[in-house]
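In: Quick one: sequence plus predicted model below, questions after.
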Amino acid sequence: MANQPAFKVRLGLITATVWDNDGFYSVDLSRSYRDKEGNWQNTTTFSHADLLNIAKCAERAEIWISRKTNAS
C-alpha cells in the first residue's frame, strides 16, 4: 500500500502535498492541467499567474507543519 500524504491543500490548480517521513516533513507543489486528450496531468512548472496560489499553499502547508511539530 502506498504512503498517504499527511496533509494536502489545493487552491485553484495548485496543490501542496505534505509528506511525513518519520517526523521530517517535505512538501511537493504541483499544478494540474488537461492534456490534449482532456486527461488531467500534473506538473512542477508554474507560470506567473500561479505564483500567488503557490505562496498561499506553501504558507498553509508551513502552518500545518508548524502546528504538528510544536504539538510534539
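Out: Yep, it's here. Numbers count the residues shown, from 1 in each chain.

In: okay, CA-based contacts and neighbour counts for the rest of this
Out: Noted.

In: Tell me how far the nearest residue in space to Ile65 that is not next to it in sequence lies from Leu52.
Out: Among residues not flanking Ile65 along the chain, Tyr25 sits closest, at 7.1 Å (Cα to Cα, 6 or more residues apart in numbering). Note on Tyr25: its distance to Leu52, by Cα to Cα, to the nearest Å, is 22 Å.

In: Looking at these two, which is more packed in?
Out: Legend: neighbour count by other Cα atoms under 10 Å for Tyr25 and Leu52, higher for Tyr25 (16 against 12).

In: My read is that that one contacts Phe7, right?
Out: No - Tyr25 is beyond contact range of Phe7, at 10.2 Å (criterion: Cα atoms under 8 Å).

In: Now the common contact residues for those two.
Out: Here Tyr25 and Phe7 have Val18, Trp19 as joint contacts, going by Cα atoms under 8 Å, 6 or more residues apart in numbering.

In: who touches the helix or strand hosting Ala55?
Out: For Ala55, the element it lies in under DSSP states H and E is helix 51-71. The contact list for helix 51-71, computed with Cα under 8 Å, 6+ apart, reads 7-12, 14-18, 23, 25, 27, 29.

In: swap in stretch 19-33?
Out: Contacts of stretch 19-33 (Cα under 8 Å, 6+ apart): 4-7, 13-18, 40-46, 54, 61, 65, 69.
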